[in-house]
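K.L.:
generate coordinates for the sequence data below:
(4 chains)
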Number of protein chains: 2
Amino acid sequence: MVEHFSDALDAVFQALADPTRRAMLAELARGERSVGELAAPFEISLAGASKHIKVLEAAGLIRRTVNGRTHLCALEPGPMHAGAEWLRHYEHFWNTRLDALEALLDAEDAPPRPRRPRAR
Amino acid sequence: MVEHFSDALDAVFQALADPTRRAMLAELARGERSVGELAAPFEISLAGASKHIKVLEAAGLIRRTVNGRTHLCALEPGPMHAGAEWLRHYEHFWNTRLDALEALLDAEDAPPRPRRPRAR
DNA sequence: ACAAATGTCAACCATATGGTTGAATGATTA
DNA sequence: TAATCATTCAACCATATGGTTGACATTTGT
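P.N.:
Predicted structure coming up:
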């Protein structure tokens, strides 16, 4: 009853939690890439890379189109957006909390008002 | 040579990949909470909750102040911000890519210009 | 028709993760 | 001082993860 879409976020964050996969996404941000091309920069087997790619695919972060014997991968931004939204919520909250704290401090300590730089 | 701070992102995304931990963060967004308070909503042992909290702490997402026999936890927004920044980079990219695609489609198909709703 | 290229699959391994229980630690209260 | 409260620690368990290798399936080029 907590969150119905939590599984999706689970998969997205889980997929993002690995540096190899993040690097693959970074590469895909530059354009479509085949599995082999995605695997090339890393010192892992093709099968290993294939697994990573399947994780990204399962999280919905990439889409794959089979083209003959090569599989072309492309970024699928929707889920990434969902993750960003989740984080954005906390950023917002955190900002307002800092603002509130600052207001409190300003109210409490004396007139001169040192005006620390704002957190933003 | 890829990313020096990747370990930090690993830990943050990994920590966010669990729904229990995300719920704990949501609770902490409402104010400081003791370990017991954080554990209460879930049907897991206190030791289990303690482990989750340690994961959040290790990722730098929360801070803990021991106060007698109770441990008070509070959100630590820095790392969350880092995660958000990482995602924001891709959102930006994705938006420009969608814009480019749309421009292409607009250029290619005829005058009437159906004007699909913009992705944003 | 054959060989090479592109990937996946299955089996396996080591380690990490999420969970448990029971005992231990340290602060508080009676 | 003894009981209780808030938490961690250690050991354990089942499953997931990231990696490997070797065999298999399909395209493609000769």
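K.L.:
how about the helices in chain A?
P.N.:
Under the criterion DSSP state H, chain A carries helices at the ranges A:6-16, A:19-28, A:35-39, A:46-58, A:77-108.
K.L.:
give the buried residues for the fourth one.
P.N.:
Burial within helix A:46-58, assessed by neighbour count using 16 or more other C-beta atoms under 10 Å in any protein chain shown, is assigned to A:49, A:52-53, A:55-57. C-betas here are computed from N, CA, C, even on glycine.
K.L.:
so that helix, near chain B or not?
P.N.:
No. Helix A:46-58 stays out of contact with chain B when judged by C-beta under 8 Å from any C-beta of the partner chain, the minimum separation being 11.6 Å.
K.L.:
alpha carbons of that helix, as PDB, please.
P.N.:
What follows is the C-alpha trace of helix A:46-58 in PDB, where atoms were taken according to Å, rounded to 0.1, in the frame of the first residue of the first chain:
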ATOM      1  CA  LEU A  46      30.700  -9.700 -24.100                       C
ATOM      2  CA  ALA A  47      28.400 -11.900 -22.100                       C
ATOM      3  CA  GLY A  48      29.000  -9.700 -19.000                       C
ATOM      4  CA  ALA A  49      28.300  -6.600 -20.900                       C
ATOM      5  CA  SER A  50      25.200  -8.300 -22.300                       C
ATOM      6  CA  LYS A  51      24.000  -8.800 -18.800                       C
ATOM      7  CA  HIS A  52      24.400  -5.200 -17.900                       C
ATOM      8  CA  ILE A  53      22.500  -4.200 -21.000                       C
ATOM      9  CA  LYS A  54      19.700  -6.500 -20.000                       C
ATOM     10  CA  VAL A  55      19.500  -4.800 -16.600                       C
ATOM     11  CA  LEU A  56      19.300  -1.400 -18.300                       C
ATOM     12  CA  GLU A  57      16.600  -2.800 -20.600                       C
ATOM     13  CA  ALA A  58      14.600  -4.400 -17.800                       C
END
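K.L.:
contacts for it?
P.N.:
Under the contact criterion C-beta atoms under 8 Å, 6 or more residues apart in numbering or on different chains, helix A:46-58 has outside partners A:11, A:14-15, A:18, A:20-21, A:24-25, A:35-36, A:38-39, A:42, A:62-64, A:73.
K.L.:
from those, which are also near chain B?
P.N.:
Restricting the contacts of helix A:46-58 to contacts with chain B (C-beta under 8 Å from any C-beta) yields A:14, A:18, A:25.
K.L.:
of the residues you listed, just say which sits nearest to DNA strand D.
P.N.:
A:Asp18 (4.1 Å; C-beta to the nearest atom of the strand).
K.L.:
pretty sure the closest one contacts B:Leu9?
P.N.:
No. The pair A:Asp18 / B:Leu9 is not scored as a contact, 9.8 Å apart, by C-beta atoms under 8 Å.
K.L.:
name the residue of chain A that lies nearest to DNA strand C.
P.N.:
Scanning chain A for proximity to DNA strand C using C-beta to the nearest atom of the strand identifies A:Gly36 as nearest, at 2.6 Å.
K.L.:
quick one: the residue lying closest to that residue once chain neighbours are set aside from A:Ala15, how far?
P.N.:
If you skip the residues right next to it in sequence, A:Gly36 has A:Leu46 as its closest partner in space, 6.9 Å away by C-beta to C-beta, 6 or more residues apart in numbering or on different chains. From A:Leu46 across to A:Ala15, the span is 19 Å (C-beta to C-beta, to the nearest Å).
K.L.:
OK, contacts around A:Arg33?
P.N.:
Residues counted as contacts of A:Arg33 (C-beta under 8 Å, 6+ apart) are A:27, A:72-73.
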